[in-house]
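K.L.:
Fold the following.
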Amino acid sequence: GGGLAGMSAAHTIIQNGGRVIVLDKSAFCGGNSTKATSGINAAGTRAQRALGIPDSPEAFERDTTASAESGARPDLIHTLAHESGPAVEWLVDSFGLDLSVVGLMAAHTHPRTHRGKDGSESFPGMMITYRLMEKYDELVADGTGRARLVNKATVVSLLREGDKVIGVEYEKDGQRFKEFGPVILATGGFGADFTADSLLARVEAQWRTLPIWKDVPLPPLLSLPTTNGPHCTGDGIKLALGAGATTVDLHCVQVHPTGLVDPREPDAKVKWLAAEALRGVGGLLLDAKGRRFCDELGKRDYVTSRMWKHATGPYRLILNSTAAGQIAWHCEHYAARGLMRTLTGEQLAAELNTTPAALQATFDAYNSGAAAKADQFGKKIFPSLPYRANDTFHVALVTPVIHYSMGGVLTTAKAEVLGPRGPIPGLFAAGETVGGVHGLNRLGGSSLCGCVVFGRCAGRSASAALLAAAAAGGPAGSAVAGTTIAAVEADGIRARVSTTPGSKHLNVSIDWTAAPSAPTATSTSTSTPAAPAPAAAAAAVPSGPRKFSMEEVSKHTSDKDCWVVIDGKVYDVTNFLADHPGGKKTILIYGGKDASKEFKMMHKPDIIVKYGAKFLIGEVGAPAPAAAPALAAASTQDRVYATVADACIVNINGTAPTTNGPDATRPSEDGIYMTVYDSNPQGKLA
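P.N.:
Numbering: from 1, shown residues only. Have a look, this model is predicted:
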């Protein structure tokens, strides 16, 4: 898994002198970690001290234990709380991250949820995870072989020798591969596992018995929408079960109260999450009649239970101008996606089928309860007062959504996966794959915290296992069998040299993929243009990138033909939709439009440089007038497409091929030459 837990583990191993390979079944790393919207919890940090926040690991431990209720596991909670501060300092010191803004989240006694300055970056999860991904890519590229990455790689089994886990077998491009060494499972939870025999289906009956749901009319668990990406199907948990691992609290599936409802697609199965930080800065929840019905800063399961029991939806999350000003970046992002609107108090009242006076009565009760510290729903903290009906409001429709799997693989505080007889040698786990860290309910901000804390624990433990095996002589079949000495991959060919510690043999493996196919009439080429032809011919063909009007771009809006504009450049992202980590819908809402502003809100500038080149088809501008065909002056791309009655123009790697043979019909020009179809020994179809 290549989310924050996996990346934290990988970097820890490398910092401890080890070698590591990250396998991720998706086209890109990041997983759900990149979607985390509120921040990362930590107690006793430099940022808290600078702000005068009197927090401590002990206070964080108490808050987490209270939230976990009967599911609390003291050893894991102690590690989470007491390693949280060092984890955040590691992110700041090792990766240069800004985590200087500290906010309050529901059910916390102190502000301890860290994020970067609003507007300076993207969502905290994206900011943190992407920085670790960037640094890992640099390590992969340094040529030492100490860090490797394989995407679109689905692990199908854990390799075992007796009770030891000694590696994995994975599938990529229809082929099977094996890697040897200690294994860290960091594949996330199972919040999108909706098949009939899924983990969600297996645990629903027990989920309905959780104490918080007593006397609450519950919908079917599988009927709920989710914030999880399609990759969240519990793969790591299922692999661990196959190796004899013990699981814990699988029925503890967190249903978050504030999934954002898109008015254009209210029944969408996958929804964006309204960050809990929105309520942390003072956001209120109102029912269909404009009334409060809960303590907005109560635990997630409590707020969700109140929504289902109150049963007066649709529900709205509202922020007055003071609250919205404190979290402006989030509000702007949600508004850009059509998930949040700005309304006057009069407009809000009309939408609620009530009057401004009735809305003010709701606000008066809230303001007076805050002043008297006697809120009707027991709320203790009241940011962004007062609420007044003559204000402007950021408003979003919200609904409960499956958000997090508290249950998973049972581990020690050192991230060792436990079986019936104790730790399973060679097997570790981190992140949402692990159960028992959060008990019956996870606190907001503790997901990213758990990823980094237990990712680092898993990395340290795996490094210790490598060192112990090497110090003991590393017999064949040990957890470090097949330690890589060197690896290189280029042009579809991968070579790897490995050894089994204690052995006198080297293992050399070479594998390759099919050679890339030649460009077709539907492909684009990014080759360097051919050398200029005579001036008369050159004038017949427009030079430079292709130009498209926004009118033309606006025609390409479907999942079978989707163009977007970013910084004046036009990208055909049709073939990227299925691979986009945020799902294709995230792109489709900007199909045929200029998405520059929204893209920059979620991504760093180098993302488009790194991954966008292959989808670039031109620029926004007035299209050049059509010109008569002129093969001699055509660019490389034009020549790839051009055909005449008895000849085909071909480009081979931009270099001049030998044309002395009988098949050559004219001299080559920078690798472009003509050959008569019927003269080709392999036939004209080739």
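K.L.:
mind listing what the closest residue to residue 385 other than its chain neighbours touches?
P.N.:
Using C-beta to C-beta, 6 or more residues apart in numbering and skipping residues adjacent in sequence, the residue nearest residue 385 is residue 370, 5.7 Å away. For glycine as for every other residue, the C-beta is placed from the backbone atoms N, C-alpha and C. The contact partners of residue 370, by C-beta atoms under 8 Å, 6 or more residues apart in numbering, come to 379, 382, 385.
K.L.:
would JSON lines of those with pLDDT and secondary structure be doable?
P.N.:
As requested, the contacts of residue 370 are exported to JSON lines (pLDDT from 0 to 100; DSSP: H, G, I helix; E, B strand; the rest coil):
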{"residue": "379", "pLDDT": "97", "secondary structure": "coil"}
{"residue": "382", "pLDDT": "97", "secondary structure": "coil"}
{"residue": "385", "pLDDT": "98", "secondary structure": "coil"}
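K.L.:
Return the members of those residues classed as buried.
P.N.:
Among those, the ones that count as buried by 16 or more other C-beta atoms under 10 Å are 379, 382.
K.L.:
which one of the contacts of residue 370 sits closest to residue 444?
P.N.:
Nearest to residue 444 among these: residue 379, at 16.0 Å, using C-beta to C-beta.
K.L.:
so that closest one touches residue 302, yeah?
P.N.:
No: using C-beta atoms under 8 Å as the test, residue 379 is too far from residue 302 to be in contact (11.7 Å).
K.L.:
shared neighbours of the two, which are they?
P.N.:
With C-beta under 8 Å, 6+ apart as the test, residue 379 and residue 302 both reach residue 295.
K.L.:
all helices of the stretch 1-150 of the chain, in order?
P.N.:
4-15, 46-50, 57-68, 74-95, 124-141 (DSSP state H, counting those that start in this stretch).
K.L.:
Which among the ones you listed is found nearest to residue 195?
P.N.:
Closest approach to residue 195 among those (C-beta to C-beta): helix 4-15, 24.3 Å.
K.L.:
Just the buried positions in that closest one, please.
P.N.:
Applying 16+ other C-beta under 10 Å to helix 4-15 flags 4, 5, 6, 7, 8, 9, 10, 11, 12, 13, 14 as buried.
K.L.:
Same question for stretch 610-619.
P.N.:
612, 615, 616, 618.
K.L.:
just checking, which of the residues you listed belong to helices?
P.N.:
Among the buried residues of stretch 610-619, no member falls in helices (criterion: DSSP state H).
K.L.:
out of those residues, who's nearest residue 375?
P.N.:
residue 612 (49.8 Å).
K.L.:
Please report how far the closest one lies from residue 567.
P.N.:
From residue 612 over to residue 567 the distance is 10 Å, taken as C-beta to C-beta, to the nearest Å.
K.L.:
Wasn't residue 184 part of a strand?
P.N.:
Yes: under DSSP: H, G, I helix; E, B strand; the rest coil, residue 184 falls within a strand.
K.L.:
How about the contacts made by it?
P.N.:
Contacts of residue 184 (C-beta under 8 Å, 6+ apart): 6, 9, 415, 428, 429, 430, 458, 459, 462.
K.L.:
would you list those in JSON lines and tack on secondary structure?
P.N.:
Shown next, in JSON lines, are the contacts of residue 184 (three-state DSSP):
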{"residue": "6", "secondary structure": "helix"}
{"residue": "9", "secondary structure": "helix"}
{"residue": "415", "secondary structure": "coil"}
{"residue": "428", "secondary structure": "strand"}
{"residue": "429", "secondary structure": "strand"}
{"residue": "430", "secondary structure": "coil"}
{"residue": "458", "secondary structure": "helix"}
{"residue": "459", "secondary structure": "helix"}
{"residue": "462", "secondary structure": "helix"}
